[in-house]
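**Q** No sequence on hand, only this structure:
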């Protein structure tokens, strides 16, 4: 049995899908949470950053070997735990929707994670008319079965469910309240006993 | 044998890795090139766009079924053609560096693909001091063997080699002239007979 260590800020965001997937797989893991401070992430992160492969978290250590890039890590864990579909085409559908959810997140970065308040609000005013409905309507349409791809549970569902609180924060409204199929995806993942157990014990954080 | 159709602008950029990989796999494919016009991509693209899954190209059709998201497509083709490593950890290394190359590309978007000339130059002035050396030095370090991951050819090498001209355009200097290990990756891919044959017949385009 492998030993796992997740290193990320003490928030949900990009670390949470990894924590969810390890929980889904029934794996104990060291949950190494870095204090999120002001400015560029905080003092603890500024010390750690130069030792990371590309100055980014989350990191996953597997038996002491370090991995980065959250989507690549999620796919790796998805393989371990049988969440990558039954053939190459199904795996492609899973990868595609996970990348699309990630595109959505990245497109909202300039509406939230910039200092210039005026530009931030200008960007949000544009996004609420374009990116936000465009992406969420299409992703919602794909999830009618309650799953994002292939009509069954995959790591893309676990990834999205873990990320939803963060995405709703960026979006500035509750995604699942407005998009019922995404609520179904969330319900399907949060109803899993392994995820329930993780949620019951995870630290309370601002987001 | 499957039938393949690639739909993308008549440029290299994100379509070229798919064209390279199909060529590597010895697959004939329909190379459907959309005229790149001014503004939002041009008239032909504006007509096609609403029929695409998320308003983006490239698209790959496999036996009439449509796929999008260029990295997901590259991984799918990589699996078909034996370019995904020998185990899950190797596949993770390949996925990770491909995502990192993609991060680099995305970080340069505000230095190139925006209309505000002053902001664009401000963004580039910042990137040339930070993002550009930070990423390229680290990616170059990883590629000492002439391959980006696991010391052997993977779809991440083919992806990078196909994207290098475009990345050099965004970077505003020749990446391979400055980073010798990335030149090795390029040489290793361009020396493949299947890629040579594709390059000999591909249309000449501006980039």
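**A** In hand now; what should we look at? Computed from a predicted model, the values in this text were never measured in an experiment.
**Q** Residue A:33 is in contact with residue A:42, correct?
**A** No - using Cβ atoms under 8 Å, residue A:42 is not in contact with residue A:33; the gap is 11.6 Å. Every C-beta, even on glycine, is put in place using the N, C-alpha and C of the backbone.
**Q** Residue A:50 belongs to a helix?
**A** Yes - per DSSP: H, G, I helix; E, B strand; the rest coil, residue A:50 lies within a helix segment.
**Q** where exactly do the strands run in chain A?
**A** Assigned strands in chain A, in chain order: A:4-9, A:29-34, A:59-62, A:65-67 (criterion: DSSP state E).
**Q** Which one of these lies nearest to chain B?
**A** strand A:65-67 (5.8 Å; Cβ to the nearest Cβ).
**Q** What mean pLDDT does the closest one get?
**A** Strand A:65-67 carries an average pLDDT of 98.
**Q** Equivalent analysis for stretch A:144-154, please.
**A** Mean predicted confidence for stretch A:144-154 is 98.
**Q** ok, the residue of chain A positioned farthest from its centre to chain B distance?
**A** Within chain A, the residue lying farthest from the chain centre (Cα atoms, centre = their mean) is residue A:118, at 27.9 Å. Look at residue A:118 and chain B: by Cβ to the nearest Cβ, to the nearest Å, they are 14 Å apart.
**Q** so what's the residue nearest to the spatial centre of chain A closest to, chain neighbours aside?
**A** Nearest residue to the geometric centre of chain A (Cα atoms, centre = their mean): residue A:163, 3.7 Å. Excluding its sequence neighbours, the residue lying closest to residue A:163 (Cβ to Cβ, 6 or more residues apart in numbering or on different chains) is residue A:17, at 6.0 Å.
**Q** Could you give the number of residues near that neighbour?
**A** Other residues near residue A:17 number 28, with proximity taken as other Cβ atoms under 10 Å in any protein chain shown.
**Q** what's near enough to touch it?
**A** Neighbour list for residue A:17: A:70, A:74, A:158-159, A:162-163 [criterion: Cβ atoms under 8 Å, 6 or more residues apart in numbering or on different chains].
**Q** So is stretch A:165-183 next to chain B?
**A** No - applying Cβ under 8 Å from any Cβ of the partner chain, one finds stretch A:165-183 separated from chain B by no less than 15.5 Å.
**Q** average pLDDT across that stretch?
**A** 98.
**Q** Quote the end-to-end distance of that stretch.
**A** Terminal residues of stretch A:165-183 are spaced 12 Å apart (Cα to Cα, to the nearest Å).
**Q** Next one: residue A:39 from chain B, what distance?
**A** Taking Cβ to the nearest Cβ, one finds residue A:39 at 16 Å from chain B.
**Q** my bad, residue A:128
**A** Distance from residue A:128 to chain B, by Cβ to the nearest Cβ: 17 Å.
**Q** ok, now residue A:143?
**A** Using Cβ to the nearest Cβ, one obtains 14 Å as the distance from residue A:143 to chain B.
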